[in-house]
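# sequence and computational prediction follow.
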Amino acid sequence: MKVHFIAIGGSVMHQLAIALKQKGYEVTGSDDEIFEPALSNLRQAGILPDSIGWDPARVTPGIDAVILGMHAREDNPELVRARELKLNIYSFPEYIYQESKNKTRVAVGGSHGKTTTTAMIMHVLQYNQRRFDYLVGAKLEGFNQSVNVTDAPLIVCEADEYPASVIEKRPKFLFLHPQIAVLTGIAWDHINVFPTYDIYKEQFALFIRQMEPGSALIYNSSDTELNSLVAAEGRHLKLVPYTTPIHMIRDGVTRVFFDEGFADLAVFGEHNLLNMHAAKLVCNELGLSDEEFLAAIASFKGAAKRLELVAQSEDSVIYRDFAHAPSKVKATMEATRQQFPNRRLIAVLELHTYSSLNASFLSQYEGAMDPADVAAVYYSKHALEIKRMPDLEPALVREKFGRSDLHVFSDRAQLEAFLQAQDYHQANLLLMSSGTYDGLDFPSLKQLLHK
């Protein structure tokens, strides 16, 4: 197989390129910019392009598949050439399906919890020495890559509802065709693509409708919107509902119970317990017992940036979390509150995505920061410029969040001064963002707990 990647430098694209090279394929690629860690990873694999930029001469008649990244535009000269040659052109998820037609396919979708649920399934399968391929949107302990494609009989995929490519506007998850699927819930996101909630919800209806009759749909029945959608659209499927499992918290440790067994967990929070129940049901569908699941899940430490431990002392902890959408922000804060009921909570949210920086969407965050004793919001003026969006007034942000005492910053130095000024005795700090707070030095935050 000869495969060419247009926009090979993407975080997931370059991982697929490396996986196919390891499988024995002839892999080439191009991009107009490649950053770390993709740059070093591609160089080490021997498939870093010899020059940066687009060159239609790289696209030749002998190529079996052209894989198109989200970064490429419709007038990309290599894409134009591939179309002229009538080559097979695939978006990332379309190609994943080509490689997994003869496998059992698991897809984990929903507005939140996809990465963690996928990671839990992968951890349990690996612990129980099952062979499987995977696609996940985060770095996981015990896995060298975030994408792996081999001759394994099973593939586990994080299933995103974002458009597949510049020439294929339908959501990525519509191309995976799973026999086992998870839907974790529906909460409006990606307003630049889905301008209304109804349009967004319809993507999940399409996903359910196109599943093959008899396929298993594991869904969060505590989400009323999803519950109604499944009842209306999923009558042709094997429906497997789940809710928060029985659990208890003692001395800061969560113990979860399934049937007669239990496990003490390294992660916490009701959202993680929901994700765990979904993961267990997937593993059951794949032939693993509750006993095998519990033995494995006790050692699961979470995905990168999902309540990731940055630092801790005897009476305080700093966590970093990927939460950015309103429902994720609230769930993450409530989890931290429940796990440490006697500690104050200092929470900082970075507005980084197109949706979160949009003034008309900000009202979706009303009440989201209420669980925090001290709450702050940060946004970068540079991010607004890149996205060609107008500036946000701090007073507007406070109004939309419904919290008059909300601290609002758009300068990193001001944010750092705010963090230095806080009292961390019997208090936890929660930093939530899909970005980096303009390059905040996270390892240095340990010093805050030892002032």
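Ah, there it is.
# going by C-alpha atoms from here, please, whenever you check contacts or count neighbours.
OK.
# E26 and K2: what is the separation?
5 Å (CA to CA, to the nearest Å).
# the residue nearest the centre of the chain sits in which helix or strand?
The residue lying closest to the centre of the chain (CA atoms, centre = their mean) is T115, at 4.4 Å. Using DSSP states H and E, T115 falls within helix 114-127.
# what of Y90?
Element membership for Y90 (DSSP H and E) is strand 89-91.
# can you list the buried residues in that strand?
89-91 (16 or more other CA atoms under 10 Å).
# likewise stretch 276-291?
For stretch 276-291, the neighbour count (16+ other CA under 10 Å) marks 276-283, 288, 290 as buried.
# which of those lies closest to Y200?
Nearest to Y200 among those is A278, at 22.4 Å by CA to CA.
# check the burial of R250 by counting its neighbours.
By other CA atoms under 10 Å, 9 other residues sit near R250.
# in the stretch 351-451 of the chain, which spans are helices?
For the stretch 351-451 of the chain, applying DSSP state H, counting those that start in this stretch gives helices covering 381-386, 394-401, 412-421.
# the shortest one - contacts with which helices or strands?
What it means is helix 381-386. Using 3 or more CA pairs under 8 Å, 6 or more residues apart in numbering; DSSP states H and E as the contact test, no helix or strand touches helix 381-386.
# state the mean pLDDT of that helix.
Mean pLDDT, computed over helix 381-386, is 78.
# look up how far L429 lies from L351.
Applying CA to CA to L351 and L429 gives a distance of 17 Å.
# one more: F401?
Counting by CA to CA - F401 and L429 are separated by 19 Å.
# mind listing what F207 touches?
173-174 (CA atoms under 8 Å, 6 or more residues apart in numbering).
# wait, is it part of a strand?
No - assignment of F207 by DSSP: H, G, I helix; E, B strand; the rest coil gives helix, placing it outside any strand.
# how far away is it from G110?
F207 is 11 Å from G110, by CA to CA.
# is it correct that R105 falls within a strand?
Yes - under three-state DSSP, R105 falls within a strand.
# distance check, the residue lying closest to it once chain neighbours are set aside against Y219.
Distances taken as CA to CA, 6 or more residues apart in numbering place P178 nearest to R105, at 4.7 Å, with adjacent residues excluded. Taking CA to CA as the measure, P178 falls 14 Å from Y219.
# swap in P93?
Taking CA to CA, one finds P93 at 22 Å from Y219.
# got it, and T115?
Distance from T115 to Y219, by CA to CA: 15 Å.
# on the three-state scheme, F262 is what?
Assignment for F262 (three-state DSSP): strand.
# what's the pLDDT at it?
According to the prediction, F262 has pLDDT 95.
# same thing with G10?
For G10, the pLDDT comes out at 90.
# just the buried residues of stretch 261-269, please?
Within stretch 261-269, the residues scored as buried using 16+ other CA under 10 Å are 262-265, 267-269.
# for the closest residue to V374 other than its chain neighbours, what are phi and psi?
Of all residues not flanking V374 in the chain, I346 sits nearest, at 4.7 Å (CA to CA, 6+ apart). Phi and psi for I346, reported as degrees, to the nearest 10, are phi -110, psi 120.
# and what of N128?
Phi and psi for N128, reported as degrees, to the nearest 10, are phi -90, psi 20.
# thinking it is in contact with A296, fair?
Yes - using CA atoms under 8 Å, N128 is in contact with A296, at 7.4 Å.
# which one's more surrounded, those two?
Neighbour count, other CA under 10 Å: between N128 and A296, A296 has more, with 19 against 14.
# shouldn't the more buried one be within a helix?
Yes - applying three-state DSSP, one finds A296 inside a helix.
# and it, how far from Y127?
As for A296, its distance to Y127 is 6 Å (criterion: CA to CA).
# cool, H450 as well?
On the measure of CA to CA, H450 and Y127 end up 37 Å apart.
# out of the two, which sits in the busier spot?
Y127 (17 against 10).
# and S51, how many neighbours?
Residues near S51, counting by other CA under 10 Å, number 11.
# and for S434?
Neighbour number of S434 under other CA under 10 Å is 16.
# how about it: what's its closest non-neighbour residue?
Distances taken as CA to CA, 6+ apart place F322 nearest to S434, at 5.0 Å, with adjacent residues excluded.
# what sits against the one you found?
Counted by CA under 8 Å, 6+ apart, F322 has contacts 305-307, 432-434.
# and the two most separated of those?
Taking every pair in the contacts of F322 and measuring CA to CA, the maximum separation is 12.4 Å, between L307 and S434.
# could you confirm C157 falls within a strand?
Yes - according to three-state DSSP, the state of C157 is that of a strand.
# averaged pLDDT, stretch 180-188. What do you get?
Summarised as a single mean, pLDDT over stretch 180-188 is 93.
# got it, and stretch 293-307?
The average pLDDT for stretch 293-307 rounds to 87.
# so what touches it?
Residues from elsewhere that reach stretch 293-307 (CA under 8 Å, 6+ apart): 115-116, 119-120, 123-124, 127-128, 138-141, 261-267, 280, 283, 308, 319-323, 332.
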